[in-house]
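S.K.: take this sequence and fold it.
(one chain, ligands or ions: 2)
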Amino acid sequence: MNTTKTSKVPVALTIAGSDSGGGAGIQADLRTFAFHCVHGTSAITCVTAQNTLGVTRVDAMAKEAIEQQIKAVCEDIGVQAAKTGMLLNQEIITTVVKQIDTHAIPNLVVDPVMVSRTGAQLIDDEAVKTLRDSLIPLATVLTPNRYEAQILSGLEIKSLDDMKAAAQTIHEKLKVKAVLVKGGGMQGSLRGIDIWFDGKNLETLFTQLVATKNTHGTGCTLSAAIAANLARGDSLFKAARQAKEYVSYALNNALDIGKGQGPVGHFFPLLKK
Ligand SMILES: Nc1ncnc2c1ncn2[C@@H]1O[C@H](COP(=O)(O)OP(=O)(O)OP(=O)(O)O)[C@@H](O)[C@H]1O
Ligand SMILES: Cc1ncc(CO)c(N)n1
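M.R.: Numbers count the residues shown, from 1 in each chain. Ligands and ions are numbered 1, 2, ... in the order given. Next up is the predicted model:
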């Protein structure tokens, strides 16, 4: 008698960096996929020595290693959605774009990791240009933070109206299906607010501001949750709206570990769907 239970489960792929501290990157993505009952696969683009205080070293993976990871997953398992996170340089971005095209990866969520929430640039200008011109046009959903939205829209973002203008400008300029401008880098209660635009609907996604310093990995968790929801078959806006709620849960369950900014908490009851 066949006693093994098999199930058709949605599969998502994260193409991102490794965070040794476990709070962001593929570590946050895979936990997020799991809590959405989505099987998580990964292609590591770079390895960071990182903790709650910051990043002390970054090593890029060879482009062949990135190619082979994506190929191995797509040729055997297949994915219903994917997200991109930290793509360190132009060569990595170009490699990832080629693989996304070769394997026709659907439902791509691009988290354009270029500038940290505090405004520190994370990748060089050449990489920013390649990200904007080659990868972002492939995005189903783009999730820039405040500073990344300023770069991509060319607009200064200080208010909610500025966030709305930036979302519409980015959608128009970069031809993405939908864009979610994240508010974590804004001031006051705006930190809990994101602006969605998909060419038709301009929506404000509001959650209460969570008074915690432990917000490491919020951006990774949000984009991974959107990808997980898309892999499960949700519509674009529903995927984003539910992901926003998930991040709010994760912030309210943040982990007080390390001497700096602890990670958001993915450990709470499985989502009731
Ligand atoms: N203190 C907070 N309370 C409520 N929501 C928050 C808070 N901080 C961030 N968020 C939410 O977290 C999500 C990520 O936004 P953020 O601007 O922090 O992205 P990011 O800079 O890419 O994140 P990361 O720091 O992980 O790179 C957004 O939905 C934002 O509204
Ligand atoms: C590996 C990695 N990816 C993304 C971020 C952005 O939070 C980070 N800090 N580390």
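
S.K.: how far does the helix ranked longest in the chain sit from its chain's centre?
M.R.: Across the chain, the longest stretch assigned as helix under DSSP state H is helix 236-252. The chain centre lies 12 Å from the centre of helix 236-252; the measure is CA atoms, centre = their mean, to the nearest Å.

S.K.: what do you get for stretch 35-49?
M.R.: 11 Å.

S.K.: now do the buried residues in that stretch.
M.R.: Within stretch 35-49, the residues that count as buried by 16 or more other CB atoms under 10 Å are 35-36, 38-48. Using the backbone N, CA and C atoms, a C-beta is placed for each residue, glycine as well.

S.K.: quickly note the distance from the closest residue to residue 117 other than its chain neighbours to residue 219.
M.R.: Leaving out its chain neighbours, the residue that sits closest to residue 117 by CB to CB, 6 or more residues apart in numbering is residue 185, at 4.5 Å. Applying CB to CB, to the nearest Å, the value for residue 185 to residue 219 is 10 Å.

S.K.: Three-state assignment for residue 57, please.
M.R.: Secondary structure, DSSP: H, G, I helix; E, B strand; the rest coil: residue 57 is strand.

S.K.: and the residue nearest to it when sequence neighbours are not counted, which helix or strand is it part of?
M.R.: Once flanking residues are discounted, residue 57 sits nearest to residue 49: 4.0 Å by CB to CB, 6+ apart. Residue 49 is part of strand 39-51, with elements assigned from DSSP states H and E.

S.K.: now swap in residue 94 and tell me
M.R.: Short version: residue 94 belongs to helix 90-102, going by DSSP H and E.

S.K.: before we move on, what about residue 74?
M.R.: helix 63-76.

S.K.: contacts for the following helix or strand past that helix next, please.
M.R.: Per DSSP H and E, the first helix or strand lying C-terminal to helix 63-76 is strand 81-84. By CB atoms under 8 Å, 6 or more residues apart in numbering, the residues outside strand 81-84 that reach it are 10, 12-16, 29, 96, 100, 105-111, 135, 223-224, 226-228, 230-231.

S.K.: and residue 203, that one's in a strand?
M.R.: Yes - Residue 203 sits within a strand when classified using three-state DSSP.

S.K.: count the neighbours of residue 191 for me.
M.R.: Residues lying near residue 191 (other CB atoms under 10 Å) number 18.

S.K.: please see if stretch 81-88 touches ligand 1.
M.R.: No - counting by CB under 6 Å from any ligand atom, ligand 1 is not contacted by stretch 81-88; separation bottoms out at 9.0 Å.

S.K.: dump that stretch to CSV, restricted to CA.
M.R.: C-alpha atoms of stretch 81-88 as CSV (Å, rounded to 0.1, in the frame of the first residue of the first chain):
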residue,chain,number,x,y,z
ALA,A,81,6.2,32.8,-9.1
ALA,A,82,9.5,34.2,-8.3
LYS,A,83,11.1,37.2,-6.5
THR,A,84,14.4,39.0,-7.0
GLY,A,85,16.2,40.6,-4.1
MET,A,86,19.9,41.6,-3.7
LEU,A,87,21.5,41.4,-7.1
LEU,A,88,24.9,42.9,-6.4
